[in-house]
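# A structural model of the following input is requested.
(one chain, ligands or ions: 1)
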Amino acid sequence: MAKRRRLIVANWKMYGRLTSGLVLVRDIVEKAEAARPLNFDVVLCPPATLTWAASESVMGTPVMLGAQDCHTATHGAYTGDISAAMFTDLGCRYIILGHSERRGAHGESNELIAQKVEAAQLAGLTVILCVGETAAELESGASATDIVQKQLRASLPKNVKTAHLVVAYEPVWAIGTGQQPSPEDIASVNKAIRQTFGEAGETVRVLYGGSVNPSNAGAIAARDEVDGFLVGSASLNADGFWAIAEKCG
Ligand code: PEP
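Modelled structure (predicted):
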C-alpha cells in the first residue's frame, strides 16, 4: 500500500468570534511551529468571517486554511453566498463539502454537492468530501459500505481530480454523539471508499470523522486505512486538537 501523508482537519462550524477564534488559531499555530518538521498536514476550517485574519496568522507556518462550504458559481446574484475562488483569494487551500449538517439542515443533494466539488477544484482548492450513513439507513438493513459507496459515486463530478480530493468518512450517527464505529469497521469502510476510485484511490486520503477525541484517536489512527481525522468539537480546544494531531505523526 502506498504511504500517504496523513492529514488532520479542524471543522469549527459556526463557532469562534473574532477574538476567541484568532486566539485558537494562534495557539494551534504555536504548537505546530514547536513540532516542526511535521510529517502530517494540518488544516483549520474556521467560519468564513475569520478566514482573512486567520490567513495572516498561518502564513509561513505549517498550518493551512480551509473553508466549510461554497457556492457552485464563480460569481453572481447570490445573496449571502461565497464562491470557491473567493476562498482561494483569502489563502484557503482546502474546502469541506457535503458535510452531513449541510446535507441535512440545508437539504443539499448529491447532485448539488458534485457541482460544488467541480467548482471548488476549478478554483484550485482540494476538496474534503464528507460521506456517511445515517442511523435510519443502517436500521433499514443496508451495509455502511454500500450506503457510503453509493453516496460517494453520486457526489463526485464526472471530471473529478482525485489528486485534489480527500474523502472523510463521517457516519452521521457518530457526529457530536460520543458514539463511533469500531476501528475495524472504520478501516473497512475507508478501504471500500478507496477502492471506489480503482488505481487512482491509492493517492486519495480517506479520513475518519465523528466524535474523535484524544482518548479514542490512537486506536483509530493505528489502522493503515485511516489517513487522518476530520475533527469537530474536539478541535475547539488547542491542547485537545493537538493531542489528536500527534496521533497522525
Ligand atoms: C464533524 O462535524 O465533522 C465532526 C466530526 O464533529 P465531531 O467531531 O464533533 O463529532
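# where in this structure is pLDDT low?
1-2 (pLDDT under 70).
# run a quick neighbour tally on whichever residue of it sits closest to the ligand.
Residue nearest to the ligand within the chain (CB to the nearest ligand atom): residue 232, separated by 2.1 Å. All C-beta spots, glycine's among them, are computed from the backbone N, C-alpha and C. Residue 232: 22 surrounding residues under other CB atoms under 10 Å.
# quick check: phi and psi on it?
With angles defined as degrees, to the nearest 10, residue 232 sits at phi -90, psi -100.
# what strand or helix carries residue 80?
Assigned by DSSP states H and E, residue 80 belongs to no helix or strand.
# number of nearby residues for it?
5.
# if we can go back for a sec, touching, the residue of the chain closest to the ligand and residue 15? I think so.
No: here residue 232 lies out of contact with residue 15, judged by CB atoms under 8 Å, at a distance of 9.3 Å.
# and the residue in the chain sticking out farthest from the centre, what element?
Most distant residue from the mean C-alpha position of the chain: residue 77, 28.2 Å away (CA atoms, centre = their mean). When elements are assigned from DSSP H and E, residue 77 belongs to no helix and no strand.
# OK, contacts around residue 94?
9, 43, 45, 64-67, 125-128, 166 (CB atoms under 8 Å, 6 or more residues apart in numbering).
# could you rerun that using 10 Å?
Shown in contact with residue 94 (CB atoms under 10 Å, 6 or more residues apart in numbering): 7, 9, 41, 43-45, 64-67, 87, 120, 125-128, 164, 166.
# from the residues you listed, which land in helices?
Of those, the ones assigned to helices by DSSP state H are 87, 120.
# residue 34 touches residue 242, doesn't it?
Yes: because the distance of 9.5 Å satisfies CB atoms under 10 Å, residue 34 is recorded as touching residue 242.
# the more surrounded of these two?
Neighbour count, other CB under 10 Å: between residue 34 and residue 242, residue 242 has more, with 20 against 8.
# without its sequence neighbours, what residue ends up closest to that one?
residue 31 (4.4 Å; CB to CB, 6 or more residues apart in numbering).
# around the ligand, pick out the residues from the chain.
11, 170, 175-176, 209-212, 230-234 (CB under 6 Å from any ligand atom).
# drop anything exposed from the residues you listed.
Burial by neighbour count, 16 or more other CB atoms under 10 Å: within the residues of the chain next to the ligand this picks out 11, 170, 175, 209-212, 230-234.
# can you give me the strands for this protein?
6-11, 40-45, 63-67, 92-97, 126-131, 165-169, 205-209, 228-231 (DSSP state E).
# include distance to residue 150 when you put those strands into JSON lines, please.
Formatted as JSON lines, the strands of the chain follow (distance: least, CB to CB, whole Å):
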{"stretch": "strand 6-11", "distance to residue 150": "24"}
{"stretch": "strand 40-45", "distance to residue 150": "26"}
{"stretch": "strand 63-67", "distance to residue 150": "26"}
{"stretch": "strand 92-97", "distance to residue 150": "17"}
{"stretch": "strand 126-131", "distance to residue 150": "9"}
{"stretch": "strand 165-169", "distance to residue 150": "14"}
{"stretch": "strand 205-209", "distance to residue 150": "16"}
{"stretch": "strand 228-231", "distance to residue 150": "20"}
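# quick one: residue 163 and residue 203 touch, right?
Yes: contact criterion CB under 10 Å: residue 163 and residue 203 qualify, at 6.6 Å.
# who has more neighbours out of these two?
residue 203 (13 against 10).
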